[in-house]
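In: Predicted coordinates and the sequence they were generated for:
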Amino acid sequence: MLYRKKRGKIPAVPASAGCRKLPGERCGKNMGFGKNLFDFSAIVISLAIGLIGAGRPVGIGIGTVIAMVCTGRVITAFNHFAKKKIEEITIA
């Protein structure tokens with residue numbers, strides 16, 4: 001969701017997207033890498049909670065890991081091919 005700039009500075013991305021973009025920027029990488037870092041930390045936290053609560057990994061399967069990796073890579077590919085075009089049509 002994009003916001004039109006009225007008064008002051010209004011972010012072009014929602015806060016939830018920002019928390020995925022920031023880790024990538026801090027590492028000198030792109031948003032796809034930041035999404036991978038964010039998802040990896042969520043999986044590690046889920047594994048820790050499962051191990052503490054049930055004594056075994058609960059709710060984390062191969063599909064979760066594949067989705068984590070593929071989502072970040074799809075974002076990276078999309079940004080590579082479409083970012084310039086999106087920046088041209090986005091109101092800044």
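Out: In hand now; what should we look at?
In: State the distance from the residue located most distally from the centre of the chain to Ile49.
Out: Largest separation from the mean C-alpha position in the chain: Gly55, at 29.0 Å (C-alpha atoms, centre = their mean). Per C-beta to C-beta, to the nearest Å, Gly55 is found 12 Å from Ile49. C-beta here means a position set from N, CA and C on the backbone, and glycine is covered the same way.
In: Then Lys84?
Out: 41 Å.
In: what about those two, which has more around it?
Out: Set side by side, Lys84 and Ile49 show more neighbours around Ile49, with 13 against 9, by other C-beta atoms under 10 Å.
In: mind checking pLDDT for the more buried one?
Out: pLDDT recorded at Ile49 is 92.
In: Is it within a helix or a strand, and which one?
Out: helix 31-54 (DSSP states H and E).
In: now swap in Gly28 and tell me
Out: Residue-wise, Gly28 maps onto no helix or strand under DSSP H and E.
In: That one - how many residues pack around it?
Out: 7.
In: One more: the one 4 residues further on?
Out: Neighbours of Gly32 under the rule other C-beta under 10 Å: 21.
In: From what I see, it and Gly72 are in contact.
Out: Yes: contact criterion C-beta atoms under 8 Å: Gly32 and Gly72 qualify, at 4.5 Å.
In: Residue ranges in the protein under the pLDDT threshold?
Out: The chain contains residues with pLDDT under 70 at 1-24, 91-92.
In: Just give me the residue closest to the centre of this protein.
Out: Lys35 (2.7 Å).
In: residues of stretch 81-92 that come out buried?
Out: Residues of stretch 81-92 classed as buried by neighbour count (16 or more other C-beta atoms under 10 Å): none.
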